[in-house]
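S.K.: Generate a structure from the sequence data that follows.
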Amino acid sequence: MKHPSASVAPPSRNFSHRLLSILLGLFLALCLLKFGNPPIMEKYVTPPGNIYELLLGFPWPITWAYLGLAGLLVVGWRTARWELPAPPWLALLPFFWLAWQVLAEWDSVSPTLSIPTVRHFIACVACYALGLFCLGPRGPLSAGFLAALTAGILLVVIAGWEQHFGGLEASRKYFFQYLYPELKEVPPEYLKKISSDRIFATLFYPNTLAGALLLIYPPVLWFVWSVGGEGRMTLPARATLLAMVALGGAGCLYWSGSKGGWLIALVLGLIALQRSGFSRQLRLALVLGILVAGLAGFFWKYSGFFQKGATSVGARFDYWRAAVETARNHPFLGTGPGTFALAYEKIKRPESEMARLAHNDYLEQASDSGLLGALLYSVFVVGSLAVGWRRIHRAGPSAMDSIAGQRFAVWLGVFAWAIHSLIEFGLYIPALAWPAFTLLGWLLGQPEKGGNPQGKPSQNQ
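M.R.: A predicted model of the protein is given here:
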């Protein structure tokens with residue numbers, strides 16, 4: 001892809017790009033706070049009735065998000081660079097995948113489920129296009145974008161800590177005393193969530209909170225560390241700030257009770273250590289120490305879960321079996337986007353808990369939109385990660401606050417989201433899928449040549 005680094009963009013175009021970066025960061029931060037429900041459950045979301053519901057504790061109708069995204073696309077049109085990065089076939093795959101989802105919607109067994117799901121997928125690809133054509137060609141992510149994203153995830157963390165230290169119990173009492181008697185229909189998932197002590201902050205349920213932390217925290221930690229660089233903060237002050245932010249996220253991950261999230265966070269830490277500039281002996285010692293401590297803590301924390309038979313693991317195997325069976329019976333177009341629950345209800349085992357989604361995005365794609373839909377989506381995700389890793393590996397080990405360090409941090413977060421999608425449904429949650437698609441677009445849209453990958457990112461990008 002051509003990267004006109006030697007040319008100077010018109011002032012109006014530079015202003016449009018800076019404005020888009022900040023607005024897109026704010027939009028994605030708002031998604032973490034207000035759009036954490038699957039679109040197939042949108043019927044349970046009502047507009048806020050007062051200022052308290054508008055600002056605190058209540059999700060917003062997803063239509064509001066679509067209006068905001070439409071405005072971002074208008075701004076993005078002014079700053080977009082319409083060159084496809086290499087390889088172009090990979091960059092175009094999400095658009096072909098979306099076309100296939102639309103085709104599968106026409107043959108859906110339940111248009112009422114498929115239509116909101118496809119609208120959500122359109123928003124996913126719109127976010128991807130903003131990352132690919134607007135953010136990526138400009139190089140590093142701007143400080144404004146990352147600051148907004150950092151503010152969003154820290155508000156999520158604050159909500160999680162507040163829930164753990166009494167807020168969840170207070171919300172539970174209020175719900176069952178005042179709201180539950182007046183409601184005509186309550187989703188079983190919400191009753192289970194509100195009755196548990198596992199925190200979920202502003203997201204759909206505890207495992208979704210874990211997914212958001214895994215996706216957003218790597219670039220956020222990079223930003224928190226780099227913002228104090230170039231003499232702005234002393235090394236101890238930077239380390240203290242980083243530790244405080246990391247501790248906040250670690251506490252939420254722990255209290256979410258997400259077993260998969262714990263293990264994936266452990267993997268991320270090991271990968272990050274392997275990319276560090278430490279000596280080989282020190283890296284080996286740290287890897288072994290983290291591995292032993294992490295696994296020991298995992299089995300100590302969840303020993304009771306395994307003694308009870310790990311029921312949620314067994315349930316997931318039944319979801320996955322059902323998704324494979326549905327794909328086998330409907331290999332061309334599946335049963336329609338977002339319709340896994342209807343197929344699963346007919347073939348589930350009597351002892352298994354009912355589920356609306358397959359808890360595996362790749363298998364659900366096969367169940368909902370056939371084998372080609374699953375193939376297009378899987379190749380896009382795996383291919384994007386592979387291309388991103390190749391570019392990072394080519395640059396070699398780098399300082400944490402360099403441009404290459406930023407790329408690695410973003411890649412690490414998207415990699416965690418892709419792995420987490422093997423056991424959860426991050427693709428079907430706007431608060432996770434829209435940031436992930438944006439960052440995937442940015443990773444693919446990065447110029448392969450031009451600029452110094454080891455240099456400092458510009459604060460005015």
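S.K.: Every contact and neighbour count from this point should use C-alpha atoms.
M.R.: Noted.
S.K.: helix or strand right after the strand or helix carrying residue 373?
M.R.: In this assignment (DSSP states H and E), residue 373 forms part of helix 361-395. With elements assigned by DSSP H and E, the helix or strand that comes after helix 361-395 is helix 403-420.
S.K.: could you give the angle of that following helix to helix 361-395?
M.R.: If you take axes from the mean of the first three to the mean of the last three C-alpha atoms, to 10 degrees, helix 403-420 sits at 160 degrees to helix 361-395.
S.K.: Packing partners of helix 403-420?
M.R.: In terms of contacts (3 or more C-alpha pairs under 8 Å, 6 or more residues apart in numbering; DSSP states H and E), helix 403-420 is packed against helix 206-226, helix 259-274, helix 361-395, helix 430-445.
S.K.: Among those, show me which one is buried the most.
M.R.: Most buried of the helices and strands packed on helix 403-420, by mean neighbour count (mean count of other C-alpha atoms under 10 Å): helix 430-445, with a mean of 27.
S.K.: which other helices and strands contact that one?
M.R.: Checking 3+ C-alpha pairs under 8 Å, 6+ apart, helix 430-445 ends up next to helix 11-34, helix 111-129, helix 206-226, helix 361-395, helix 403-420.
S.K.: Which one, of these, ends up nearest to residue 345?
M.R.: Residue 345 sits nearest to helix 361-395 of all the helices and strands packed on helix 430-445, at 13.3 Å, using C-alpha to C-alpha.
S.K.: Just give me how far the closest one sits from the chain centre.
M.R.: Its chain's C-alpha centre and that of helix 361-395 lie 15 Å apart, by C-alpha atoms, centre = their mean, to the nearest Å.
S.K.: and the angle from it to helix 111-129?
M.R.: Counting by the same axes, to 10 degrees, helix 361-395 lies at 10 degrees to helix 111-129.
S.K.: which residues of this structure score low on pLDDT?
M.R.: Counting by pLDDT under 70, the chain has low-confidence residues at 1-13, 57, 179, 183-184, 186, 189, 276-287, 290-312, 396-401, 449-461.
S.K.: any chance of the helices and strands packed on helix 430-445 in a markdown table, with distance to residue 322 too?
M.R.: Output for those, formatted as a markdown table (distance: least, C-alpha to C-alpha, whole Å):
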| stretch | distance to residue 322 |
| --- | --- |
| helix 11-34 | 30 |
| helix 111-129 | 18 |
| helix 206-226 | 21 |
| helix 361-395 | 8 |
| helix 403-420 | 20 |
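S.K.: between those helices, which gets nearest to residue 100?
M.R.: helix 361-395 (6.3 Å).
S.K.: Does anything pack onto that closest one? Which helices or strands?
M.R.: Helix 361-395 sits against helix 88-106, helix 311-329, helix 340-347, helix 403-420, helix 430-445, with contacts defined as 3+ C-alpha pairs under 8 Å, 6+ apart.
S.K.: wait, what's in contact with residue 59?
M.R.: Residues counted as contacts of residue 59 (C-alpha atoms under 8 Å, 6 or more residues apart in numbering) are 33, 34, 35, 36, 37, 45, 202.
S.K.: And it, how close does it get to residue 38?
M.R.: From residue 59 across to residue 38, the span is 11 Å (C-alpha to C-alpha, to the nearest Å).
S.K.: picking that back up, I'd like the helices and strands packed on helix 403-420 laid out as a markdown table, including distance to residue 334.
M.R.: As requested, those are arranged in a markdown table below (distance: least, C-alpha to C-alpha, whole Å):
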| stretch | distance to residue 334 |
| --- | --- |
| helix 206-226 | 25 |
| helix 259-274 | 28 |
| helix 361-395 | 4 |
| helix 430-445 | 21 |
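S.K.: Residue 130 is nearest to which of the ones you listed?
M.R.: Nearest of these (C-alpha to C-alpha): helix 430-445, 6.6 Å.
S.K.: Just want the angle from that closest one to helix 206-226.
M.R.: Using the same axes, to 10 degrees: helix 430-445 against helix 206-226 is 50 degrees.
S.K.: quick revisit: I'd like to know which of the helices and strands packed on helix 403-420 lies nearest to residue 102.
M.R.: Among the helices and strands packed on helix 403-420, helix 361-395 comes nearest to residue 102, with 9.4 Å by C-alpha to C-alpha.
S.K.: Out of the contacts of residue 59, which comes closest to residue 342?
M.R.: residue 37 (18.9 Å).
S.K.: give the contact list for the residue lying closest to residue 212 once chain neighbours are set aside.
M.R.: Of all residues not flanking residue 212 in the chain, residue 432 sits nearest, at 6.0 Å (C-alpha to C-alpha, 6 or more residues apart in numbering). Applying C-alpha under 8 Å, 6+ apart, we find residue 432 in contact with 32, 36, 211, 212, 215, 426.
S.K.: Tabulate the residues you listed in TSV, adding columns for distance to residue 15.
M.R.: Formatted as TSV, the contacts of residue 432 follow (distance: C-alpha to C-alpha, whole Å):
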residue	distance to residue 15
32	26
36	31
211	33
212	30
215	28
426	33
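S.K.: Between all of these, which two are separated the most?
M.R.: Applying C-alpha to C-alpha across the contacts of residue 432, the maximum distance is between 36 and 215, 14.0 Å.
S.K.: Can you tell me how far residue 178 is from residue 170?
M.R.: 12 Å.
S.K.: cool, and residue 355?
M.R.: 28 Å.
S.K.: Over to residue 56?
M.R.: 14 Å.
S.K.: out of the helices and strands packed on helix 403-420, nearest to residue 19?
M.R.: Here helix 430-445 is closest among those (C-alpha to C-alpha), at 16.1 Å.
S.K.: tell me how far that closest one is from the chain's mean position?
M.R.: Distance, stretch centre to chain centre, for helix 430-445: 8 Å (C-alpha atoms, centre = their mean).
S.K.: Report the angle between it and helix 88-106.
M.R.: 150 degrees.
S.K.: Specify the angle between helix 430-445 and helix 11-34 in degrees.
M.R.: In terms of direction (the same axes, to 10 degrees), helix 430-445 departs from helix 11-34 by 150 degrees.
S.K.: Give me the distance between the two termini of stretch 225-241.
M.R.: End-to-end for stretch 225-241, by C-alpha to C-alpha: 8 Å.
S.K.: List just the one of the helices and strands packed on helix 403-420 that sits closest to residue 153.
M.R.: Of the helices and strands packed on helix 403-420, nearest to residue 153 by C-alpha to C-alpha is helix 206-226, at 7.2 Å.
S.K.: Quick check: what element follows that closest one along the chain?
M.R.: helix 235-256.
S.K.: show me the contacts for the nearest residue to residue 216 once chain neighbours are set aside.
M.R.: Closest residue to residue 216 apart from its sequence neighbours, by C-alpha to C-alpha, 6+ apart: residue 413 at 6.0 Å. With contact taken as C-alpha under 8 Å, 6+ apart, residue 413 is in contact with 214, 215, 216, 217, 218, 219.
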